[in-house]
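> Following is a predicted model, sequence given first.
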Amino acid sequence: MHRPTSQSAEYRAFYSAFGRCRNPQHPDYVNYGGRGIQFKFESFADFLDCIGPKPTPQHSLDRMNNGGHYERGNVRWSTPAEQAANRRPHPSGYRHNGGVPVITIFVRHSADCKYAGDEFNKRCDCRKHLRWTQHGKQYRRKTGVRSWAAAEEKKRELEAQLTGRVPETTPDVLLLEQAVETFEANKQAQGLKPRVLAMYKRELTRLRNFSEGRGLLTVSQALTLDNLIGLRATWPSTYPSSYSRAVVQKHLNHFLRFCYNAGWIPRIPKLDTIKIDGPETEPLTEAEYNKVVEAATGKTRTLIKLMRWSGLAVRDASTLERGDLDFNKGKNLYRIIRERTKTGTPLYIPIPKDLADELLTVLNGNEKFVFWNRQKDDSSEYRHAGYMGEQVAKAFAAADVKSKGHMISHRLRATFAVDLLQKGVPLEHVSKLLGHKSVTTTERHYAKWVKGRQDLLDALVSATWDKKKKKKTEAKATKEQEA
């Protein structure tokens, strides 16, 4: 069985023919869609039902009548010899559309362009040019632009000049594949880490496969609320965790906003927020913390202490560099100075001297990192953080400290935050120490632990009790006087 994905040769033939006929930005559009050739198959399933699987890898898609459309009764799989015998003639100076020569856009890459060698690549910022043949002579012209879309407009203007007609406006049909490639190139240019780029690529590949499997190949067809709701309905089987599904939706929303800002869609489809199931991450009691520390051994014990007294997430704590530890002689104070991995927010966190001394003595065979014995330059910090998180979870289990949910190591971070809030440290200061981009995030997770706010609410509510009691007493006294 052939599945409608980009992995099959049949699908690639279907997808390529669709682009040649319906996408004005395709390099061969002028020879197909530009000549009036139409692609009449509504879906890949319809196409495959008509033509069947490729007999051999050497066969390719062919139209029996080269002047006809891609439709039932006019398509077949042909051998290279059959294809050669069925080509339409291309005499020098051959004209289409009442005398318009075939004009091709091509790219002259700069010497350092990574796409050099591919003159039809649309993803780079190199200058675009036009060429055409007329009466046996080839012509070339600069467009003066760097984007492919702008070059298409220059091409239409030239066609109008050569024929003396007003250029036709062609609706811009952007394939979902092209939009995804542009988005991924933009994210790569932002300098995102390979793990994050791989995450975007994985989710957008699933979007493409799902959409193309339903015969939705263009941005305007695929990025509709109906199609996105259908895609989201497939997530529970892939991501059982509601938290994971919420993260996937956040990445999808980044792509949708990018498409909207680029002018490819008129509005951003609004997907309902995914409610994250699961208990809140509770802080440890002092007794629980002491039991966990006693059960842990080696550098896992030091890591647990670091997370408790610094509020660092396990990923930041486990990849702590020795250079992140700063000693202020004037204040006789150790601080951790680094950026939070998740948000890039600067962190300045004072830590107890005994903890700093313990960090300085951790030996793991690596001069740069405190806990990470990194053996290769391409080793994943994400995997290392996962491993250290597992070691922390084992210490919790050994201490018989139960935790609801899977955010076990995060309880140490919560302990740090709640301890400060209950001792009267303002919420906005705790937010800075945690590395949150917004105090709203801190408030959402820890508002109920703010001591000053609790005291104020207690006073306000209890004051209403006193007022009610006073009114009742006054009313009783008035009745007695009247009697």
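All right, it came through fine.

> remind me which residues of the stretch 251-400 of the chain are low pLDDT?
Within the stretch 251-400 of the chain, the stretches with pLDDT under 70 are 278-279, 377-378.

> Give me the three-state assignment for residue 106.
Secondary structure, DSSP: H, G, I helix; E, B strand; the rest coil: residue 106 is strand.

> Now do the strands in the stretch 101-250 of the chain.
Under the criterion DSSP state E, counting those that start in this stretch, strands of the stretch 101-250 of the chain are mapped to 103-108, 127-134, 137-142.

> Got the domain ranges for this protein?
1-88, 98-171, 176-261, 286-451 (automatic domain parsing).

> so which of the ones you listed comes closest to residue 274?
domain 176-261 (4.4 Å; Cβ to Cβ). No exception for glycine: its C-beta is placed from N, CA and C like everyone else's.

> Endpoints of that closest one, how far apart?
One end of domain 176-261 sits 15 Å from the other (Cα to Cα, to the nearest Å).

> hmm, back to that, save the domains of the chain as TSV, and put in distance to residue 465 and mean neighbour count too.
Below are these laid out as TSV (distance: least, Cβ to Cβ, whole Å; neighbours: other Cβ atoms under 10 Å):
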stretch	distance to residue 465	mean neighbour count
domain 1-88	67	16
domain 98-171	69	15
domain 176-261	40	16
domain 286-451	21	17
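
> Chain neighbours aside, what residue packs nearest to residue 119?
Spatial nearest neighbour of residue 119, chain neighbours left out: residue 106 (4.3 Å); criterion: Cβ to Cβ, 6 or more residues apart in numbering.

> pLDDT score for that neighbour?
Looking at residue 106, its pLDDT is 88.

> Could you do residue 88 as well?
In this model, residue 88 is scored at 55, pLDDT.

> now swap in residue 67 and tell me
Looking at residue 67, its pLDDT is 76.

> Redo the domains of the chain as TSV? Include distance to residue 274.
Shown next, in TSV, are these (distance: least, Cβ to Cβ, whole Å):
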stretch	distance to residue 274
domain 1-88	26
domain 98-171	32
domain 176-261	4
domain 286-451	16
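
> Of those domains, which is nearest residue 276?
Closest to residue 276 of these is domain 176-261 (Cβ to Cβ; 4.9 Å).

> Pull the distance from the closest one to the chain's centre.
7 Å (Cα atoms, centre = their mean, to the nearest Å).

> ok so, going back, can I assume the residue nearest to residue 119 is in contact with residue 122?
No - checked against Cβ atoms under 8 Å, the pair residue 106 and residue 122 is beyond contact range at 11.0 Å.

> residue boundaries of the strands in the stretch 251-400 of the chain?
Under DSSP E, counting those that start in this stretch, the stretch 251-400 of the chain gives strands at 325-328, 333-339, 346-351.

> Let me know which of the ones you listed is the nearest to residue 83.
Of all the strands of the stretch 251-400 of the chain, it is strand 333-339 that lies closest to residue 83, at 57.2 Å by Cβ to Cβ.

> which residues are in contact with that closest one?
Strand 333-339 is contacted from outside by 310, 312, 316, 320-321, 324-328, 345-353, 355-356, using Cβ atoms under 8 Å, 6 or more residues apart in numbering.

> residue contacts, the residue nearest to residue 119?
Contacts of residue 106 by Cβ under 8 Å, 6+ apart are 119-120, 128-131.

> What is the nearest of the residues you listed to residue 227?
Of the contacts of residue 106, the one sitting nearest to residue 227 (Cβ to Cβ) turns out to be residue 120, at 29.4 Å.

> Surely that closest one and residue 27 touch.
Yes - Residue 120 lies in contact with residue 27 (Cβ under 8 Å); the separation is 4.4 Å.

> list the residues that contact both of these two?
Among the neighbours of residue 120, those also in contact with residue 27 (Cβ under 8 Å, 6+ apart) are residue 105.

> and the gap between the nearest residue to residue 446 once chain neighbours are set aside and residue 455?
Once flanking residues are discounted, residue 446 sits nearest to residue 417: 5.4 Å by Cβ to Cβ, 6+ apart. Using Cβ to Cβ, to the nearest Å, we find residue 417 at a distance of 18 Å from residue 455.

> repeat for residue 316
In terms of Cβ to Cβ, residue 316 sits 32 Å off from residue 455.

> Now do the SS call for the residue nearest to residue 446.
Residue 417 is classified as helix under three-state DSSP.

> Now do the contacts for it.
283, 311, 430, 433-434, 442, 445-446, 449.

> does residue 68 count as helix, strand or coil?
The assignment at residue 68 comes out as coil when based on three-state DSSP.

> quick one: it and residue 76 touch, right?
No - shown here, residue 68 and residue 76 do not form a contact pair, counting by Cβ under 8 Å, at 11.9 Å.

> need the contact list for the residue lying closest to residue 42 once chain neighbours are set aside.
The shortest distance from residue 42 to any non-neighbouring residue, by Cβ to Cβ, 6+ apart, is to residue 215 (5.9 Å). When contacts are counted by Cβ under 8 Å, 6+ apart, residue 215 touches 42-46.

> Residue 111: which of these is nearest?
Checking the contacts of residue 215 one by one against residue 111 (Cβ to Cβ), the nearest turns out to be residue 44, at 40.7 Å.

> Identify the residues contacting that closest one.
Contacts of residue 44 by Cβ under 8 Å, 6+ apart are 4, 10-11, 14, 212-213, 215.

> and what of residue 389?
Contacts of residue 389 by Cβ under 8 Å, 6+ apart are 314, 318, 408-409.

> In helices only, show me those.
Members of those lying in helices (criterion: DSSP state H): 314, 318.

> circling back to that earlier point, could you work out the most separated pair of the contacts of residue 44?
Farthest-apart pair in the contacts of residue 44 is 10 and 215; separation 14.1 Å (Cβ to Cβ).

> which non-adjacent residue is nearest residue 104?
Among residues not flanking residue 104 along the chain, residue 131 sits closest, at 5.5 Å (Cβ to Cβ, 6+ apart).

> Show me what that neighbour bridges to in the sheet.
Beta-bridge partners recorded for residue 131 (DSSP bridges): residue 104, residue 140.

> got a list of what residue 55 touches?
Shown in contact with residue 55 (Cβ under 8 Å, 6+ apart): residue 77.

> And the pLDDT for it?
The model reports residue 55 with a pLDDT of 86.

> repeat for residue 466
Turning to residue 466, the model gives it a pLDDT of 69.

> oh, and call the first residue 15 from now on, that's how I've got it
With 15 as the first residue, the last one maps to residue 480.

> For the residue nearest to residue 133, give its distance to residue 274.
Noted for residue 120: a distance of 31 Å to residue 274, by Cβ to Cβ.

> Residue 217 too?
Distance of residue 217 to residue 274, computed by Cβ to Cβ: 18 Å.

> Could you do residue 32 as well?
Distance of residue 32 to residue 274, given as Cβ to Cβ: 24 Å.

> now swap in residue 57 and tell me
Residue 57 is 27 Å from residue 274, by Cβ to Cβ.

> now do residue 312
Using Cβ to Cβ, we find residue 312 at a distance of 51 Å from residue 274.
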